[in-house]
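Engineer: I would like to see how this sequence folds:
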Amino acid sequence: MKDQILKGYVDDFATAFELEGIEDSIVFEHFVNYCITSKQYPREFDFDILRVGGMDDNGFDGAAFIVNGNIVKAPEEVGYLLKNNGYLDVSFIFIQTKKSAHFKGDQVGTLIFGIKSFFDDKPAIPENDDIQNLRRIKEEVYRNSIGFQSSPTLNLYFVTTGEWKEPAQITGRVEKELRDLESKKLFSSVEFNYYDADKLKQAYREINRKTVKEVSFHNHVALPEIPGVRQSFVGSISAKEYVRLISDNENNLQKYLFEDNVRDYQGYNKVNREIERTIKNSKEQAALSVFNNGITIIAKKVEPIGNKMKLTDFQIVNGCQSSHVLFENKLSLLEDTHVVIKVIETTDYDFATRVVKATNRQTEVKDEAFESLSQFHKDLEDYYKAKAKTVPDPIYYERRSKQYDGSPTVKTGQVIS
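Structural biologist: This is a model prediction of the structure:
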C-alpha cells in the first residue's frame, strides 16, 4: 500500500482488534467494512459478520442490512423487529473492496451485475452460503413490505486505495446501470459511492474520535432552519456541567475534543488570565456568561431528551481557551455559574469548517492559522505520526499552535511548525 497514512490506520485497526497474522487483503476488507458501516451505524458491532468475500460472492466483499437501527443477521429478526416496533425502516449496504490504486470499469460493472442478480427472484450466478443467508433476509424484508414506512434504501460502495477522479467511462456506465436498478421499484433511493484513500482516512479519523455524552441543557432555544444544518440550539448550561461534558470517566480533560480548533491551548496568556481572574472572583464569576463569547459545539447527531441533550461525535470548534481555563479552575466554579453554548448538528464537513472560521474571526487569530483546517495539513500531520513509528528520532508536525506543549514524549527539537 503506497499511502503511508492509510497503511498506518490499517495497522492501528489490526492491532486494536487483534488481527495480526491474518492475510493483509482480508484485514483491509475488515477495515473498509468497519469504516463504511460505522458511518451508517454509530454503535458497536461485530464487523466480522459483514465480510462475505470469497468464491461466489456476487462481486462484493461486505454487506450490512440495517433494519430499524439494528444490523440483522438472520431472517427471523425482521419479523421480530416489525412486531416490536410496528414498522420496518430498512437500509441495504453493499461494499466492494480493491486494494489496488485504480478504479476499473469492469470491476464496478461486476459489482452492479451482482447486485442486480441478488435482487432478482432467482440468482443469475452461483451464491455462497453468506450471500444465500443475505438473500433470505432480503426476501423476509419484502415479504413484510406492509410494514415499510418507505421503501428500503440501497447504498453501494466501491473502494480502492487510489484517488477518485470521476472518469466519465465509469460514471456514465454506473448512471445507466443504476437506472435499471431504480426501475425495479424496490428502493426509495439508490446511491453509488466511490471511496478512495482520502475518504477512507477521513472516515477512520471520525470514527476513532467518536464520543457520546449527555448534558443537562434546559436553558436553550432552537434556532431557525439553516441550510446544511439538521438542527441547532443556543442557550446556557452550568459551568460545572460543561466541565463534566469535556472530561472523561477519570476526570481528565478530553483533549481530542478540540482537534478542529485552529489553535491548541495557548497557556495563560493575557486573555486566559482574565478568564481565570473572573472565575477566581466569586462576585464576578456570576457574570462569566456575559463576559465570555461562549462555546460552539458541532455534533454529528444531537438528541434533545427532556432537559438533557445527547451529543454524538462532537467537537468544540470555538472555546478551546475558555474550556481549558474552566477545567483547570473547576474547583472554584459555583453552582449558579453558567456559560453560553451553541450546539449545531451537521455532517457537512465544508459547513463545519465555515463555522470554525466564522466563530474564530471574533478572536485574534491570524489568517494563516485557518489554513490548518485544510485536509492537506491534517493529512500531513498524520503522515508525520505514521512515520514516527518507523524511525528512532521522529519529527512531529505542529498543525495547531502549541499542540505538543506539555507532551512528555515530544521534545521541542522534534517539532516542526
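
Engineer: Touching, Gly294 and Ser323? I think so.
Structural biologist: No - counting by C-beta atoms under 8 Å, Gly294 does not reach Ser323; the two are 11.1 Å apart. (C-beta placed from N, C-alpha, C; glycine too.)

Engineer: higher neighbour count, these two?
Structural biologist: Ser323 (24 against 16; other C-beta atoms under 10 Å).

Engineer: pLDDT at the more buried one, what is it?
Structural biologist: Listed pLDDT for Ser323 reads 94.

Engineer: show me where pLDDT drops low in the stretch 151-300 of the chain?
Structural biologist: Scanning the stretch 151-300 of the chain for pLDDT under 70 picks out 209.

Engineer: scratch that, the stretch 301-417 of the chain is what I was asking about
Structural biologist: The low-confidence ranges in the stretch 301-417 of the chain, as defined by pLDDT under 70, are 360-370, 373, 401-402, 405-408.

Engineer: And the helices in it?
Structural biologist: 320-328, 349-360, 367-370, 375-388 (DSSP state H, counting those that start in this stretch).

Engineer: Show me what the helix or strand hosting Phe28 packs onto, helices and strands only.
Structural biologist: Take DSSP states H and E as the rule and Phe28 turns out to sit in helix 24-40. Helix 24-40 sits against helix 4-16, strand 62-67, strand 90-97, strand 153-159, helix 197-208, with contacts defined as 3 or more C-beta pairs under 8 Å, 6 or more residues apart in numbering; DSSP states H and E.

Engineer: rerun that using 7 Å as the cut-off
Structural biologist: Packed against helix 24-40, as judged by 3 or more C-beta pairs under 7 Å, 6 or more residues apart in numbering; DSSP states H and E, are the following elements: helix 4-16, strand 62-67, strand 90-97, helix 197-208.

Engineer: Turn those into CSV, including distance to Arg354.
Structural biologist: Output for those, formatted as CSV (distance: least, C-beta to C-beta, whole Å):
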stretch, distance to Arg354
helix 4-16, 25
strand 62-67, 31
strand 90-97, 29
helix 197-208, 17
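
Engineer: from those, which stretch is densest packed?
Structural biologist: strand 90-97 (a mean of 25; mean count of other C-beta atoms under 10 Å).

Engineer: can you give me how far that strand is from the chain middle?
Structural biologist: Centroid displacement of strand 90-97 relative to its chain, using C-alpha atoms, centre = their mean, to the nearest Å, is 18 Å.

Engineer: for stretch 170-179, same thing?
Structural biologist: For stretch 170-179, the distance to the chain centre is 28 Å (C-alpha atoms, centre = their mean).

Engineer: Dump the C-alpha coordinates for it into CSV.
Structural biologist: Output of stretch 170-179 as CSV, limited to C-alpha atoms (Å, rounded to 0.1, in the frame of the first residue of the first chain):
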residue,chain,number,x,y,z
ILE,A,170,-17.2,4.7,-15.2
THR,A,171,-19.7,7.4,-14.0
GLY,A,172,-21.7,7.1,-17.3
ARG,A,173,-21.9,3.3,-17.1
VAL,A,174,-22.9,3.5,-13.4
GLU,A,175,-25.7,6.0,-14.1
LYS,A,176,-27.2,3.8,-16.8
GLU,A,177,-26.9,0.7,-14.6
LEU,A,178,-28.5,2.5,-11.6
ARG,A,179,-31.5,3.4,-13.7
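
Engineer: Can you give me the buried ones in that stretch?
Structural biologist: Neighbour-count burial for stretch 170-179 flags Ile170, Arg173, Val174, Glu177, Leu178 (criterion: 16 or more other C-beta atoms under 10 Å).

Engineer: What of stretch 218-228?
Structural biologist: His220.

Engineer: same thing with stretch 33-50?
Structural biologist: For stretch 33-50, a neighbour-count test (16+ other C-beta under 10 Å) marks Asn33, Tyr34, Cys35, Ile36, Thr37, Ser38, Lys39, Tyr41, Pro42, Phe45, Phe47, Leu50 as buried.

Engineer: before we move on, what about stretch 287-306?
Structural biologist: Leu288, Ser289, Asn292, Gly294, Ile295, Thr296, Ile297, Ile298, Ala299, Lys300, Val302.

Engineer: Pick the one among these closest to Val10.
Structural biologist: Checking the buried residues of stretch 287-306 against Val10 with C-beta to C-beta, the nearest one is Lys300 at 23.2 Å.

Engineer: Show me what the helix or strand that the closest one is a member of is packed against.
Structural biologist: Per DSSP H and E, Lys300 falls inside strand 295-305. Under the contact criterion of 3+ C-beta pairs under 7 Å, 6+ apart, strand 295-305 touches strand 308-318, strand 338-345, helix 349-360.

Engineer: if you set the cut-off to 6 Å instead, what comes out?
Structural biologist: If you count contacts as 3 or more C-beta pairs under 6 Å, 6 or more residues apart in numbering; DSSP states H and E, strand 295-305 packs onto strand 308-318, strand 338-345.

Engineer: got the ones you listed as a markdown table, with mean neighbour count and distance to Val391 columns?
Structural biologist: Conversion of those to a markdown table gives the following (neighbours: other C-beta atoms under 10 Å; distance: least, C-beta to C-beta, whole Å):
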| stretch | mean neighbour count | distance to Val391 |
| --- | --- | --- |
| strand 308-318 | 21 | 30 |
| strand 338-345 | 22 | 40 |
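
Engineer: Alright, calling it a day.
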